[in-house]
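Engineer: Predicted model and sequence follow; I will ask about them next.
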Amino acid sequence: MTQQDAATGPRTVEDVERAIAGFRTDYAAVREQVCRVIVGQDEIIDGVLTCLFAGGHALLEGVPGLGKTLLIRSLADALQLKFGRIQFTPDLMPADVTGTTIVADTSEGRKFVFQRGPVFANILLADEINRATPKTQSALLEAMQERSVTVGGETHILAKPFLVMATQNPLEQEGTYPLPEAQLDRFFFKLLVGYSTRSELTEILTRTTGGEQPSCKPVLDDAAIVEHQALVRRVQVAPHVKDYAVRLTLATHPPDPAFGVRDGEERFATPIVDRFVRVGASPRAAQTMVLGAKVRALLDGRAAASIDDIKAIALPALRHRLLLNFEGEAEGVTTDQIVENIVATLPLQAPA
């Protein structure tokens, strides 16, 4: 980090080191509280916390009973933030998410008053988000991108920080609706929650079947989180690191000019991308990788992100931003396999 004015960030090397140390301390404190309730799932916890401090939204996918909702609830308990929860169902309407205008009696007589919905929170748990219709799912689009809600022609600004933590079950297809590509792209990370190990499951039983239930206590407030989010954005990224993130994003683009690379442009895609990918990642993917890399750099005590930081978070940043073509779906190829292939084969430095 370079020296900056007091209004924008640390000015001296000592200030920078103090800010980084404070970030690491607060991150560890929140993580410790969450781990009091959640056993294992270290990668998922770190992914959710990365979204928190980078200011992005998280989509957690896994079969029922793996603690997805409990993880998000525990994170909310560890933060002094307003928590909102929506249980998505097929009959849920957009007004149930954003709120609606009602006629109410006031001191000035009967008038239209906006009644806020559960989206007006700092952390919004969208539980089983793929059970709602696309019309209701789209009610979150403006909130997730612009951090605002427009109802009846009036725009309402959401409080900072604002994070959507959504869960979905990949198995039950009855009564579910695929998330629109525009909404998937607004999620910072897509995290796949797996099964617990033998030792982890034993510890889960110990914690949850005894007389005392584990709980979290709040250790961080909204002002501190906003400050840390600003610190993340001040982490330096060298030109060659930015270029790697750019090339990694462009490497997901197939040759189709309608959804990929235009004629005459430099191409970075691998053969597996050309064969199986229909639509590549958007610029949000590159933004996500850079911001996620900055969080990792701070956690490592560094004031500058590296290519290794980009590579470490490429999978959760890209897996939900690629659309497979018919051949890819027929062959059973996963977007994880494609991203891993790109990361393994893309040169660290651009060709001269």
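Structural biologist: Everything's here; your move. This one's a predicted model, so the numbers in the text were calculated from it and none came from an experiment.
Engineer: now the end-to-end length of stretch 85-97.
Structural biologist: End-to-end span of stretch 85-97 (C-alpha to C-alpha, to the nearest Å): 10 Å.
Engineer: Then stretch 144-155?
Structural biologist: One end of stretch 144-155 sits 14 Å from the other (C-alpha to C-alpha).
Engineer: Off-centre distance for that stretch?
Structural biologist: 20 Å (C-alpha atoms, centre = their mean, to the nearest Å).
Engineer: Pull out the buried residues from that stretch.
Structural biologist: Residues of stretch 144-155 classed as buried by neighbour count (16 or more other C-beta atoms under 10 Å): 144, 149, 151. The C-beta positions use only the backbone N, C-alpha and C, and glycine is treated the same way.
Engineer: Likewise for stretch 299-318?
Structural biologist: Neighbour count says stretch 299-318 has 299, 303, 305-307, 309-318 buried, by 16+ other C-beta under 10 Å.
Engineer: Ok, stretch 102-109 next?
Structural biologist: Within stretch 102-109, no residue counts as buried by 16+ other C-beta under 10 Å.
Engineer: average pLDDT across it?
Structural biologist: For stretch 102-109, the mean per-residue pLDDT is 72.
Engineer: do the same with stretch 131-140
Structural biologist: pLDDT averaged over stretch 131-140 gives 86.
Engineer: Start and end of it, how far apart?
Structural biologist: With C-alpha to C-alpha as the measure, stretch 131-140 spans 14 Å from end to end.
Engineer: Then stretch 78-85?
Structural biologist: Taking C-alpha to C-alpha, stretch 78-85 runs 16 Å from one end to the other.
Engineer: and it, how far from the chain's centre?
Structural biologist: Mean C-alpha position of stretch 78-85 versus that of the full chain (C-alpha atoms, centre = their mean) differs by 16 Å.
Engineer: Flag every buried residue along it.
Structural biologist: Within stretch 78-85, the residues that count as buried by 16+ other C-beta under 10 Å are 78, 79, 81, 83, 84, 85.
Engineer: Chain neighbours aside, what residue packs nearest to the second one?
Structural biologist: With C-beta to C-beta, 6 or more residues apart in numbering as the measure, residue 220 is the residue that lies nearest to residue 79, at 5.3 Å, once sequence neighbours are left out.
Engineer: Number of residues surrounding residue 63?
Structural biologist: 13 (other C-beta atoms under 10 Å).
Engineer: Likewise for residue 91?
Structural biologist: Neighbour count for residue 91, taken as other C-beta under 10 Å: 9.
Engineer: Doesn't it belong to a helix?
Structural biologist: No: residue state for residue 91 (DSSP: H, G, I helix; E, B strand; the rest coil) corresponds to coil; a helix is not indicated.
Engineer: Residue 136 versus that one, what's the distance?
Structural biologist: 9 Å (C-beta to C-beta, to the nearest Å).
Engineer: returning to that earlier point: which of the buried residues of stretch 144-155 fall in strands?
Structural biologist: 149, 151 (DSSP state E).
Engineer: What helices and strands are in contact with the longest helix seen in the chain?
Structural biologist: Longest helix in the chain by number of residues (criterion: DSSP state H): helix 13-35. Judged by 3 or more C-beta pairs under 8 Å, 6 or more residues apart in numbering; DSSP states H and E, the packing partners of helix 13-35 are helix 42-54, helix 68-77, strand 220-221, helix 222-233, helix 283-299.
Engineer: In TSV, list these along with distance to residue 192.
Structural biologist: Below are those laid out as TSV (distance: least, C-beta to C-beta, whole Å):
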stretch	distance to residue 192
helix 42-54	8
helix 68-77	10
strand 220-221	26
helix 222-233	24
helix 283-299	16
